[in-house]
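Participant: Sequence and predicted structure, then a few things I'm wondering about:
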Amino acid sequence: MPSDKTYLDFVLEQLSFSQEISYRSMMGEYILYYRGKIIGGIYDDRFLIKPVKSALSLMPNAPREVPYDGAKEMLLVDNVDDKEFLKKLIEAMYPELPATKKKGR
């Protein structure tokens, strides 16, 4: 089931601490980027992030969920209402995220 654009807009508003948050639509879901690196996405109206060390330490009890069949597990962010927490989370994650790979032609 595709994610609702309204939920994407809500999450983007919660992440409005930075102008460097962006997204790309992909098959009815949304990939989220911070400073050009993938942090996670919106899948079935759930905000899921990559399970890097800093995210695991800030959310030790976060449920692990699969965004779609065949994908790796990600962490469910269920504290989307707390802008300060989201800012701390995303900024802590950034150094641990891999650079986005350039696609060859």
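Facilitator: The structure has been received and is ready for your questions. The structure displayed is predicted, hence computed values, not measured ones.

Participant: What's the separation between Pro2 and Met93?
Facilitator: 25 Å (CB to CB, to the nearest Å). From N, CA and C alone the C-beta is placed, and that goes for glycine too.

Participant: more neighbours, those two?
Facilitator: Higher neighbour count among Pro2 and Met93: Met93, with 21 against 13, using other CB atoms under 10 Å.

Participant: if you average pLDDT over the helix or strand that one falls within, what comes out?
Facilitator: Applying DSSP states H and E as the criterion places Met93 in helix 83-93. Helix 83-93 shows a mean pLDDT of 96.

Participant: Could you give the number of residues near Pro60?
Facilitator: By other CB under 10 Å, 7 other residues sit near Pro60.

Participant: so what's Leu76 up against?
Facilitator: Residues counted as contacts of Leu76 (CB atoms under 8 Å, 6 or more residues apart in numbering) are Arg46, Phe47, Leu48, Ala62, Pro63, Arg64, Glu65.

Participant: Quick one: buried ones out of those?
Facilitator: Arg46, Phe47, Leu48, Ala62 (16 or more other CB atoms under 10 Å).
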